[in-house]
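**Q** Sequence first, then the predicted structure, then my questions.
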Amino acid sequence: MRRLTVAAWAAALTALVAGCASGPLTDNPVLVRPDPECNVENPVYIPLGPPAYGTVFEKTLDVVSNYFEISYANRYDGRIETFPTIAPGFEQIWKPGSPNCYERLFATMQTLRYRAAVLIQPADDGGFFVQVTVFRELEDVPQPVRATAGAAAFRSDNTVERQFEVIDPAVRDTNWIPLGREVHLEQLILQQLKQCM
């Protein structure tokens, strides 16, 4: 029992000392929300000189990777793009991603996904502007996926749906309806970026 207590204290101390690198991971059970009275402008201004561009890019990549899986990152272009992430509903209450109860209920009834795009641009006075955009999309299906109402006992369709088409990463999915931007998640990422810099 004493070893378990010592291990728990060591883990808590490590999380406290880690600082900026200890942001919430994708499957982290801690619900982190943005500070409501501290709104950060988007794009956020980072007042570091031109030699610090590598640090700004790496810190931004680190913070964004705490929330999303990175699909494209180019240091010379100053762009970071992520793979889409399905928003958790009430069935996955331990996963962060939905900012409030209404969004979590909506994600329980519908399939929502988020994807992010980050752009780092140099400012005129030597600093950097970091713009974070999180897109929110709703899945559009022609009929319910596993609907059995009105179907006969013996169905004629295949039990396994196989797709034999080559998926090109440049082509966007057509069965996702854009719903705008997710400002709460943008603010959370921007606040963490401002704290790190």
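**A** The structure has been received and is ready for your questions.

**Q** Let me see the ranges of the strands in the protein.
**A** For the chain, the strands defined by DSSP state E cover 44-46, 70-74, 79-82, 85-86, 112-122, 128-139, 176-181.

**Q** Which pLDDT value goes with residue 100?
**A** Predicted confidence (pLDDT) for residue 100: 74.

**Q** do you know which of the strands of the chain lies nearest residue 57?
**A** Proximity to residue 57 (C-beta to C-beta) singles out strand 112-122 among these, at 6.1 Å. Using the backbone N, CA and C atoms, a C-beta is placed for each residue, glycine as well.

**Q** for that closest one, which positions count as buried?
**A** Going by neighbour count (16 or more other C-beta atoms under 10 Å), the buried part of strand 112-122 is 112-116, 118-120.

**Q** Residue 126: what's its closest spatial neighbour, skipping adjacent residues?
**A** residue 49 (5.1 Å; C-beta to C-beta, 6 or more residues apart in numbering).

**Q** if we can go back for a sec, export the buried residues of strand 112-122 as TSV, with columns for pLDDT and distance to residue 185.
**A** Output for the buried residues of strand 112-122, formatted as TSV (pLDDT from 0 to 100; distance: C-beta to C-beta, whole Å):
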residue	pLDDT	distance to residue 185
112	87	12
113	88	12
114	90	6
115	91	11
116	92	8
118	94	12
119	94	16
120	91	18
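
**Q** quick one: which of the residues you listed is nearest residue 56?
**A** Out of these, the member with the shortest distance to residue 56 (by C-beta to C-beta) is residue 120, at 6.4 Å.
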